[in-house]
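> Provided below are the primary sequence and the corresponding predicted coordinates.
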Amino acid sequence: MKYMRSGTKSNTFYTEEATRSILTNVLTDLIMQINNTRYLLHKFPLPLKCGLLQWLWSEPDKDGHPAHILLLNFPGGFELCAKFCYNITINLSAHNFIQAMATAMHLRMTELVSRGSLLIKLEVFIQQMRRL
């Protein structure tokens, strides 16, 4: 089976109850509520690579609380796209390709937003699959 690997960092996401967080020395400043899972993340690098998050972005309130973005009825695959934004190693295969494509399209991870976008990498991957 053909697969694609992207990213250079090891997986640094961990779970505590229904919250997924990334291990880092920098405090998180973005709370993403995706369906029933909460992600504690950073405004850099996610909105830099996701057009939807740029559009939804709101500054933290005056008390310094993190921005909160709620996305319901969201296609699966958010964590894969978040890992791509953090340059954490992801493995794409026939098992997760459709989910990754749907999520990347929903988040607007296009070349207009960021060069080397996830959507362009997915398109190259599917073209390579067609040649087999």
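Right, received. Where do you want to start?
> Strands of the chain, residue ranges please.
For the chain, the strands defined by DSSP state E cover 4-6, 13-16, 19-22, 30-34, 37-41, 67-71, 90-92.
> rank those strands by pLDDT, which is bottom?
Looking at those, the lowest mean pLDDT belongs to strand 4-6 (a mean of 69).
> Where in this structure is the helix or strand with the lowest mean pLDDT?
Least confident helix or strand of the chain, by mean pLDDT, DSSP states H and E, is strand 4-6 with a mean of 69.
> Buried residues, the longest helix that the chain contains. List them.
Determined from DSSP state H, the single longest helix within the chain is helix 118-131. Using 16 or more other C-beta atoms under 10 Å as the test for burial, helix 118-131 gives Leu118, Leu119, Lys121, Leu122, Phe125. The C-beta positions use only the backbone N, C-alpha and C, and glycine is treated the same way.
> quick check, distance from stretch 71-84 to the centre of its chain.
Chain-centre distance of stretch 71-84: 6 Å, with C-alpha atoms, centre = their mean, to the nearest Å.
> Can you give me the end-to-end span of that stretch?
19 Å (C-alpha to C-alpha, to the nearest Å).
> ok so, going back, mind putting the strands of the chain into CSV with mean neighbour count?
Output for the strands of the chain, formatted as CSV (neighbours: other C-beta atoms under 10 Å):
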stretch, mean neighbour count
strand 4-6, 15
strand 13-16, 11
strand 19-22, 16
strand 30-34, 19
strand 37-41, 19
strand 67-71, 16
strand 90-92, 18
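> Is it possible to get TSV of these that adds distance to Glu111?
Converted to TSV, those look like this (distance: least, C-beta to C-beta, whole Å):
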stretch	distance to Glu111
strand 4-6	15
strand 13-16	26
strand 19-22	25
strand 30-34	23
strand 37-41	23
strand 67-71	23
strand 90-92	18
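> Compare the ones you listed and give me the one nearest Leu53.
Closest to Leu53 of these is strand 67-71 (C-beta to C-beta; 6.9 Å).
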